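Asker: Here is a sequence together with a model predicted from it:
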Amino acid sequence: MIETFELGDVVQMKKPHPCGSNEWKIIRTGMDVKIKCTGCGRVVMLERATFVRRARRIIRTQAGEKG
């Protein structure tokens with residue numbers, strides 16, 4: 001579970017997407033979080049609490065640091 005995240009961060013989710021990738025880029029934050037699959041480009045919007053519960057870890061931050 002992650003606590004802080006920003007626009008542009010790439011996160012790993014608990015379950016993989018049907019395309020096979022489990023890396024998602026955060027493209028919008030607020031009450032809802034919009035994420036984009038790095039494998040196929042599918043965009044999904046989740047409630048913030050659901051996103052925090054399903055996200056496993058931050059892979060890369062906006063600045064390019066590995067987490």
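Answerer: Yes, it's here.

Asker: Can you show me the strands along the chain?
Answerer: 10-13, 23-28, 32-37, 43-47, 55-60 (DSSP state E).

Asker: Direction included, what does the fourth one pair up with?
Answerer: Strands adjacent to strand 43-47 in the sheet, as given by DSSP bridges, are strand 32-37 (antiparallel).

Asker: Buried ones in the strand it pairs with, by neighbour count?
Answerer: For strand 32-37, the neighbour count (16 or more other C-beta atoms under 10 Å) marks Val33, Lys34, Ile35, Lys36, Cys37 as buried. From N, CA and C alone the C-beta is placed, and that goes for glycine too.

Asker: quick one: low-confidence parts of this protein?
Answerer: The chain contains residues with pLDDT under 70 at 63-67.

Asker: and if we set it to 80?
Answerer: Filtered on pLDDT under 80, the chain yields the residue ranges 1-2, 62-67.

Asker: Any chance of the buried residues of strand 32-37 in CSV with distance to Thr4 as columns?
Answerer: Below are the buried residues of strand 32-37 laid out as CSV (distance: C-beta to C-beta, whole Å):
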residue, distance to Thr4
Val33, 12
Lys34, 17
Ile35, 16
Lys36, 20
Cys37, 22
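
Asker: Most widely separated two among those residues?
Answerer: Spanning the widest gap among these are Val33 and Cys37, at 13.7 Å by C-beta to C-beta.
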